[in-house]
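S.K.: Need the 3D shape of this:
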Amino acid sequence: MGDAIERATAATITASSSDAEVIEASLRVPERFGELYDRYAAMLYGYACQRVGTTAAEDLVADTFLDAFSQRQRYDLARADARPWLYGILANKISRRGRTEKIHYRAIARAWQAPTVEGLAERVADQVSAQAQRGVLAAALCRLSKADRNVLLLVAWGQLSYVEVAQALDLPLGTVRSRLHRARRTVRAALAEAGLAGAAPESQARERTS
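M.R.: Numbers count the residues shown, from 1 in each chain. Okay, the predicted model is just below:
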């Protein structure tokens with residue numbers, strides 16, 4: 001009974017620990033770092049899948065946590081949330097696989113073809129529009145520089161604030177804003193050229209400064 005209570009208490013303490021506290025504890029007990037994997041691996045995998053596809057995503061996420069573990073002594077413990085740090089490591093790894101990312105987007109862009117069906121129901125028409133938009137968006141992402149694409153997708157798909165993106169990529173906040181503005185403009189132009197509008201990374205992003 002006593003062991004069960006101790007285990008429950010330890011689990012409660014672990015769940016309430018900030019990321020920084022987990023990292024600090026892992027300097028003494030390396031196994032504690034696995035808690036960050038449990039918290040964020042699925043989130044990072046989903047992000048990586050959108051950028052490079054499922055085949056490369058698993059290896060990239062595994063490499064991200066290996067690098068994070070080896071770098072944990074240098075982590076700024078004043079930052080309670082480790083998400084920007086982890087996303088930054090992952091984003092840089094994806095950038096180094098720029099060809100893989102572009103192949104993924106080009107495959108999406110090529111995969112969409114407008115069906116030749118007359119009298120489409122509204123539901124089917126909406127689906128076709130969404131697929132068309134996805135293809136155009138993928139092509140637009142290929143046009144972006146690695147730097148601009150990283151900023152745009154960390155905000156849109158990683159759901160990081162501008163400040164968090166600046167932390168993740170070690171950039172001035174003004175640089176984040178200018179790169180995001182340039183990337184949004186490119187995506188908007190691509191959608192406009194295709195006669196499409198609606199949900200896209202640039203319209204999902206909101207400026208958050210905390």
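
S.K.: can you tell me the helix or strand for the closest residue to Ser18 other than its chain neighbours?
M.R.: Spatial nearest neighbour of Ser18, excluding adjacent residues (CB to CB, 6 or more residues apart in numbering): Ala80 at 4.1 Å. C-beta: built from backbone N, CA, C; applies to glycine. Under the assignment given by DSSP states H and E, Ala80 is not contained in any helix or strand.

S.K.: ditto for the one 5 residues further on
M.R.: Trp85 belongs to helix 83-96 when assigned by DSSP H and E.

S.K.: right, and Trp85 touches Arg79 too?
M.R.: Yes: counting by CB atoms under 8 Å, Arg79 is a contact partner of Trp85 at 7.2 Å.

S.K.: For the strand or helix carrying Ala168, give me every contacting residue.
M.R.: Ala168 belongs to helix 162-169 when assigned by DSSP H and E. Helix 162-169 is contacted by residues 79, 81, 83-85, 87-88, 91-92, 150-151, 154-155, 158, 160, 171-173, 175-177, 180, 207-210 when judged by CB atoms under 8 Å, 6 or more residues apart in numbering.

S.K.: Give me the buried entries from these.
M.R.: Neighbour counting over the contacts of helix 162-169 (16 or more other CB atoms under 10 Å) leaves 79, 83-85, 87-88, 91-92, 150-151, 154-155, 158, 160, 171, 176-177, 180 as the buried ones.

S.K.: how about Arg97, phi and psi?
M.R.: Reported as degrees, to the nearest 10, the phi and psi values for Arg97 are phi -110, psi 40.

S.K.: And the pLDDT for Asp126?
M.R.: pLDDT, Asp126: 44.

S.K.: my bad, should have said Glu193
M.R.: Looking at Glu193, its pLDDT reads 78.

S.K.: What's the local residue count around Ala140?
M.R.: For Ala140, the count of nearby residues is 25 (other CB atoms under 10 Å).
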